[in-house]
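Enquirer: The following block contains a protein sequence and its predicted model.
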Amino acid sequence: MRKLLVSLTSVVAAAALASCGTPAAVGGDPAQIKIGYPSDTASYGDLYVCQDEGIFAKHGLNVQLTLLKTSSQLVAALSSNAVQIAGGDGRSIATGALQDADLKMIELKLPKYFVEMFGEPGIKSVEDLRGKKIGVTAPGSVTDTATRIMLKDKGLTNDVQISNLTSLPALIAAAKSGEVNAIVTAPPQGVSTQDQGWHKITDMTNYKTAGSVYAVTGEFAKSHPETVSKFVKANVECLAYLQKDENRDKSIAAIQKHTKTEDPKMAAYAYDFFKKVWVTDPVVDEEIVREAFVEAAAGGPVPNDISRFIDNSFLDKLRAEGFIDQVTK
């Protein structure tokens, strides 16, 4: 496992450094930091408004947002210093920690499953899913895991067939061809099925998970505490920015731009969904993170003490200073 991580680290580091310029300076605050994130979805609206509204710059950060292909690449990118801060799902970061990567989770901004289910007209409720087929993406993905948790909670595990498809386009195509009766996606993709009479059945935001975590290496947190502190402070301000009604239009515009969404109504739909899920005090909840480690271990041993992979000190300082209360007013 460790050999695999080292190999992946080398590949990602080489690619990132070749295409993204020089890495952060060693010692003192970096002149520029790279923040990696795994998908250009609305869930990263905080990064988009931080960049577009100058909030990173306001806090003394010159940021380059770096889109990586998957959450699994984030650990390698962090370990190689190809990016200095990374956002991704908690399970991927936990997987890296279990492989002895030096990681610290510094924020948990989405502590719930942020997916929703759209289905054909005849499905009016979750109970109507009995005997139906639900399309999700890859096994173990957020859509797959959230769906299985929901079905178990509703007592439908043995009454519904789950179809794992390779990608979002394949999911949408299966919906339109009638191969599946419902699909589970992150907003706003499911809305595209409305043209065939499909509608939203439910979402999975009632179920807790480490849906989106920001992490750094322990070494970077130790050697560049001011940089990490500036990021956390800026990001808390951006999460608060997203919640304010007067910032709605600018927030939607940033989401539309960075997600390359052509229809502004789709971007607005995604914003309205995530506004209910983003938190303004993104403390890393050890109980929620432990579940991510259990999932990552896949039946293997889980460390008794996972607090060593969590660093809430930057948020604790902001809370003590009254900054979080100040920006959320």
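Expert: It's in.
Enquirer: How is this protein partitioned into domains?
Expert: According to automatic domain parsing, the chain is divided into the following domains: 2-113+208-328, 116-203.
Enquirer: Mean neighbour count and mean pLDDT for the ones you listed - can I get that in TSV?
Expert: The C-beta positions use only the backbone N, C-alpha and C, and glycine is treated the same way. Shown next, in TSV, are those (neighbours: other Cβ atoms under 10 Å; pLDDT from 0 to 100):
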stretch	mean neighbour count	mean pLDDT
domain 2-113+208-328	19	89
domain 116-203	18	94
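Enquirer: CA atoms only: put whatever helix or strand Ala296 lives in into PDB for me.
Expert: Following DSSP states H and E, one finds Ala296 within helix 286-297. Below are the C-alpha coordinates for helix 286-297, written out as PDB (Å, rounded to 0.1, in the frame of the first residue of the first chain):
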ATOM      1  CA  GLU A 286     -14.300  13.500  15.600                       C
ATOM      2  CA  GLU A 287     -17.300  11.200  15.700                       C
ATOM      3  CA  ILE A 288     -18.200  12.000  12.100                       C
ATOM      4  CA  VAL A 289     -14.600  11.600  11.000                       C
ATOM      5  CA  ARG A 290     -14.300   8.300  12.800                       C
ATOM      6  CA  GLU A 291     -17.000   6.900  10.500                       C
ATOM      7  CA  ALA A 292     -14.900   8.000   7.600                       C
ATOM      8  CA  PHE A 293     -12.000   5.900   9.000                       C
ATOM      9  CA  VAL A 294     -14.300   2.900   9.500                       C
ATOM     10  CA  GLU A 295     -15.400   3.200   5.800                       C
ATOM     11  CA  ALA A 296     -11.800   3.700   4.600                       C
ATOM     12  CA  ALA A 297     -10.600   0.600   6.600                       C
END
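Enquirer: what sits up against that helix?
Expert: Helix 286-297 is contacted by residues 89-95, 97-98, 105, 108, 111, 145, 208-210, 213, 302-303, 306-307, 309-310 when judged by Cβ atoms under 8 Å, 6 or more residues apart in numbering.
Enquirer: Please flag which of these sit within strands.
Expert: Met105, Leu108, Pro111, Lys208, Thr209, Ala210, Val213 (DSSP state E).
Enquirer: Please, where are all the strands along the stretch 151-300 of the chain?
Expert: 161-164, 182-185, 199-203, 208-217 (DSSP state E, counting those that start in this stretch).
Enquirer: got it, and the stretch 1-150 of the chain?
Expert: Taking DSSP E, counting those that start in this stretch as the criterion, the stretch 1-150 of the chain contains strands spanning 33-37, 63-67, 85-88, 103-112, 116-119, 133-136.
Enquirer: need the ones you listed in a markdown table with distance to Asp249, can you?
Expert: Listed next are the strands of the stretch 1-150 of the chain as a markdown table, based on distance: least, Cβ to Cβ, whole Å:
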| stretch | distance to Asp249 |
| --- | --- |
| strand 33-37 | 23 |
| strand 63-67 | 21 |
| strand 85-88 | 24 |
| strand 103-112 | 22 |
| strand 116-119 | 23 |
| strand 133-136 | 33 |
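Enquirer: Need the residues that contact stretch 223-238.
Expert: Stretch 223-238 is contacted from outside by 24, 26-30, 33, 35, 46-47, 49-50, 53, 55-56, 58-61, 84-85, 106-107, 109, 214, 216, 220-221, 280-282, 314-315, 317-318, 323-324, 327, using Cβ under 8 Å, 6+ apart.
Enquirer: what are the phi and psi angles of the closest residue to Arg319 other than its chain neighbours?
Expert: Nearest residue to Arg319, sequence neighbours excluded (Cβ to Cβ, 6 or more residues apart in numbering): Asp281, at 7.1 Å. Note on Asp281: its backbone torsions stand at phi -120, psi 90 [degrees, to the nearest 10].
Enquirer: Now do Asp281 against Tyr113, distance only.
Expert: 20 Å (Cβ to Cβ, to the nearest Å).
Enquirer: Next: Ile183.
Expert: 15 Å.
Enquirer: cool, Glu286 as well?
Expert: 19 Å.
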